[in-house]
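Undergrad: quick one, structure for this:
(2 chains, ligands or ions: 1)
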Amino acid sequence: MTEPPPPFPPLPRRVFLARTGVLGAAAGLTGGHGRAAAAPVPGVEELIGLVRPVLARLALDTFRGLAAFALPGDDAYSRAQGTPRGRAGGVAAEAGDLVVASLDRLVPFPQEVARPLTMALVTAAADAGIGLPRQLPPELGRLDAALRLLLRGDEKIPLSLVAAVLLGVLAAQVNPAAANGLFLSPFSRLSYRDKARVFELLEHTDSDLVALLDTHLPQPLRGSVSGLLKYLGSGLLSLVTFGCFTEHAVWDAGRRDITALPVGWRLTGYDGRTDGLDDFKGYYQGRKEAVGRA
Amino acid sequence: MRDVIVVGAGGGGPVAAKELAERGLDVLLLEAGPRHARPREEWTHYENDANHPLTGFFRFGPADRAKSAWFRETPQSSFVMQLSGVGGTTQHYYANSPRAYPGVFSGYSGPDAGAYDTGHRFPFRYAELVPYYEWVEATLPVRTAAMGTKEEVYFQGCETLGIPVQTALTTTGDSYRPQQNAILQPGGHAGRTADPRLLVFPRSTGCTFCGHCAQGCMQPVRAPRNQFAKRSTDNSYVPMALTADAWSPGGRAAELITDAFVTRIHTEAGAATGVTWRTGATGESHREDARVVVLSGGCTESPRLWHNSGLPDPNGWVGRGLTDHHLDFVVGVFDRDVGNSRGAGSAARCDFPGRGALEQAGLPPALQALVLSTSDSGIRGAYANGRGLQGPWDGPTGRVFGPELAELMQDGGHDRLLNVLVFTDDDVEPGNRILPSAFPADAHGPVPKV
Ligand SMILES: Cc1cc2nc3c(=O)[nH]c(=O)nc-3n(C[C@H](O)[C@H](O)[C@H](O)COP(=O)(O)OP(=O)(O)OC[C@H]3O[C@@H](n4cnc5c(N)ncnc54)[C@H](O)[C@@H]3O)c2cc1C
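TA: Have a look, this model is predicted:
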């Protein structure tokens, strides 16, 4: 059993040291690293500022890997999953970008749920040993440390991040080698078959992960994780596939029109701009009316 | 003090509003979502712009699309396809207007009486409802649907299977037929050309076969609103309600307020006395009194508002027995173009009274892909969630995904698909229900759990 982290996880001491190294000027201005842990720690905001764009890229990278999973194409993600094709696919259609934008700006997802779920995922990410890129200070080179840090701030936790970390944790469970390597996201490092395994786990919700996530939720929400994951798993697959065939990547909101033919239209040959088509074939058996009983 | 306040301008509310305004009552129609009064300036045919479930102009959310959609807890693999806005869910519906099977009503004694949900028959007879059907069918109006390529193919299939054809309005046995649709049928050049110069009202009237029923009907170009082909209530009953003084002797125009989310129904001595609503743009709340309140917020929001208003629930059935279409798609792959993306959304059907219906359904590619990637049976060839049913189709049931999806859709593939939409298991189940969610409330009170 892993101990659940305390509600406000203390920053590891090494992170304070890293802060003085990386943000020496800021530390100098605010008086160094000897502050009591209870007070807002100077420099934390700056550290969060370092970590946030990396986590945002991790989320985007994850959902680009998902876009390749839905509709493989001639991109690096499709090659990495072992199903390259000669034509543009979901990555070129920016279906992953659409998922991130949808989850973050427009899903009405309560923070009261997002934060406890992230706390639970800290534990899971630590167990999986998921790494982050070298450019970060070494103490922040692990996903769990970065998430812990993020939770110290009081800004919104983006749902795309929660979902990406969830997929990352499951990816590392399916293939432990995916915890580190090419791409930012463990999910995007998987083969097509292993990506499917991740969604199988997500939809098959009587796992340890569900129990872990559930124990972090406050009452009366405890017990609602398995339904939430089923919804998330199927919703992500539907939304990303929809995004592979729509116009959003070439959308000019000002003109309410497209600037080029969408990838999905080029693939299928569809052109949806018409106000009418010549497909009228008359009435079945010549009847234009139904009358009476039977 | 109004005579009547109608909560929700979707499929149901505007019908009540029109009938009452026509008779001279003072009717206030309140709608939580937007009114798309100028569709040519507000809508497009693009699928993301229209149908993205969170950001599209067709979604369940406030008028301001920069704001997030309204949250409901759906703790299973499911999606509630309801819309806010004038017209409600009919904005993207298919306008199919079949009559219910006589066997679902009380007093039915046909030989197949036991085949229906006998525990939950409608508490009146079919014959009692027929005059209402006739009135609505004449008002919308409802017409026998024309065929396109996909319907020709579907009917060939029905003929091959030897299913009897139905020619009457009432369904009495297993049968197939063109849909009875609330769609003005093609006139002039409509359905006969793709030339934009001819696809203009009145040179074209009624359905132009554009294939965009799900993106909202604004056809033909330059037609007045009440002559748009698909008779969603924003194109039919709402215009009638708002102009009742002009066409009904003694009629009185109903008043419509949009961006008005009703948060409470007030009662006194067991009778409704009025409502409070919240204006989305300002957050202000307003109260009006009425002699009668009509609750028509749809099958998710109506029980929510009932619960949130603390109204009585003596037998525990408020919100229970939610009977939607938890639908299945069977998708056929042809070696030729069968016109999937052209014509009305659905213009052909089979009925199997007591069991369900099989509808033809045409889809543009992104919605087609969404349908192909939605299943309880996992991903074909990868995992099956303990299902992956085998039958008279190729391979197991499940999502068509990845390389298989690409191969299916490419080079006109989307138009070689023929969808059969399966509506079955529509019996009343007490456990299928709406109840207050434990998730945090929004500005309109506790959210519904579906
Ligand atoms: C894709 C699709 C295709 C369909 N095709 C067909 C078809 O071909 N034929 C057919 O008969 N049916 C069809 N249906 C079903 C049909 O659209 C619905 O059954 C019908 O619209 C339900 O009407 P309603 O008034 O109960 O709810 P809705 O149409 O959902 O309307 C409810 C309205 O109330 C508003 N509202 C809710 N709560 C409040 C509140 N508190 N205050 C103010 N306003 C509120 C909502 O914003 C909404 O506008 C289809 C449905 C879908 C999703």
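
Undergrad: quick one: the helices in the stretch 351-450 of chain B?
TA: B:365-372, B:402-409 (DSSP state H, counting those that start in this stretch).

Undergrad: now for these, which one comes closest to the ligand?
TA: The ligand sits nearest to helix B:365-372 of all the helices of the stretch 351-450 of chain B, at 9.2 Å, using C-beta to the nearest ligand atom. Backbone N, C-alpha and C define where each C-beta goes, glycine included.

Undergrad: can I get that closest one in PDB, CA atoms only?
TA: Extracted as PDB, the C-alpha positions of helix B:365-372 are listed here (Å, rounded to 0.1, in the frame of the first residue of the first chain):
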ATOM      1  CA  PRO B 365     -17.700  12.400 -42.000                       C
ATOM      2  CA  ALA B 366     -16.800  13.700 -38.600                       C
ATOM      3  CA  LEU B 367     -20.100  12.600 -37.000                       C
ATOM      4  CA  GLN B 368     -19.700   9.300 -38.900                       C
ATOM      5  CA  ALA B 369     -16.200   8.900 -37.400                       C
ATOM      6  CA  LEU B 370     -17.600   9.700 -34.000                       C
ATOM      7  CA  VAL B 371     -20.300   7.100 -34.400                       C
ATOM      8  CA  LEU B 372     -17.700   4.500 -35.500                       C
END
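
Undergrad: what helices or strands is the longest strand along chain B leaning on?
TA: Of all the elements of type strand in chain B, the one with the most residues (DSSP state E) is strand B:285-295. For strand B:285-295, the elements it packs on are strand B:2-7, helix B:13-22, strand B:260-268, strand B:271-279, helix B:298-308, judged by 3 or more C-beta pairs under 8 Å, 6 or more residues apart in numbering or on different chains; DSSP states H and E.

Undergrad: still on that earlier bit, got TSV for the helices of the stretch 351-450 of chain B, with mean pLDDT and mean neighbour count too?
TA: As requested, the helices of the stretch 351-450 of chain B are exported to TSV (pLDDT from 0 to 100; neighbours: other C-beta atoms under 10 Å in any protein chain shown):
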stretch	mean pLDDT	mean neighbour count
helix B:365-372	98	27
helix B:402-409	98	21
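
Undergrad: now for those, which one comes closest to residue B:188?
TA: Among the helices of the stretch 351-450 of chain B, helix B:365-372 comes nearest to residue B:188, with 28.7 Å by C-beta to C-beta.

Undergrad: quick one: residue B:164 and residue B:175 touch, right?
TA: Yes - if you go by C-beta atoms under 8 Å, residue B:164 and residue B:175 touch, sitting 5.1 Å apart.

Undergrad: could you export the helices of the stretch 351-450 of chain B to a markdown table, including columns for distance to residue B:89?
TA: Shown next, in a markdown table, are the helices of the stretch 351-450 of chain B (distance: least, C-beta to C-beta, whole Å):
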| stretch | distance to residue B:89 |
| --- | --- |
| helix B:365-372 | 15 |
| helix B:402-409 | 27 |
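
Undergrad: turn these into a markdown table, columns for distance to chain A.
TA: A markdown table is the format used below for the helices of the stretch 351-450 of chain B (distance: least, C-beta to the nearest C-beta, whole Å):
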| stretch | distance to chain A |
| --- | --- |
| helix B:365-372 | 4 |
| helix B:402-409 | 5 |
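
Undergrad: quick one: residue B:120 and residue B:428 touch, right?
TA: Yes - the pair residue B:120 and residue B:428 passes the contact test of C-beta under 8 Å, sitting 4.0 Å apart.

Undergrad: between those two, which contacts overlap?
TA: residue B:321 (C-beta atoms under 8 Å, 6 or more residues apart in numbering or on different chains).

Undergrad: could you report the neighbour count for the residue in the stretch 201-350 of chain B that chain A sits nearest to?
TA: Using C-beta to the nearest C-beta, residue B:208 is the residue of the stretch 201-350 of chain B that sits closest to chain A, at 3.2 Å. If you count neighbours by other C-beta atoms under 10 Å in any protein chain shown, residue B:208 ends up with 35.

Undergrad: tell me the contacts of residue B:325?
TA: Counted by C-beta under 8 Å, 6+ apart, residue B:325 has contacts B:423, B:426.

Undergrad: that one and the ligand: what is the separation?
TA: Note on residue B:325: its distance to the ligand, by C-beta to the nearest ligand atom, to the nearest Å, is 8 Å.

Undergrad: surely that residue is within a helix?
TA: No - assessed with DSSP: H, G, I helix; E, B strand; the rest coil, residue B:325 is coil; it does not lie in a helix.

Undergrad: okay, it: pLDDT?
TA: At residue B:325, the model reports a pLDDT of 84.

Undergrad: which residue does chain B have closest to chain A?
TA: Closest point on chain B to chain A, by C-beta to the nearest C-beta, is residue B:75, at 2.4 Å.

Undergrad: name the helix or strand for the residue positioned nearest the centre of chain A, please.
TA: Chain A has residue A:164 as the residue nearest its centroid, 3.0 Å off, counting by C-alpha atoms, centre = their mean. Following DSSP states H and E, one finds residue A:164 within helix A:159-174.
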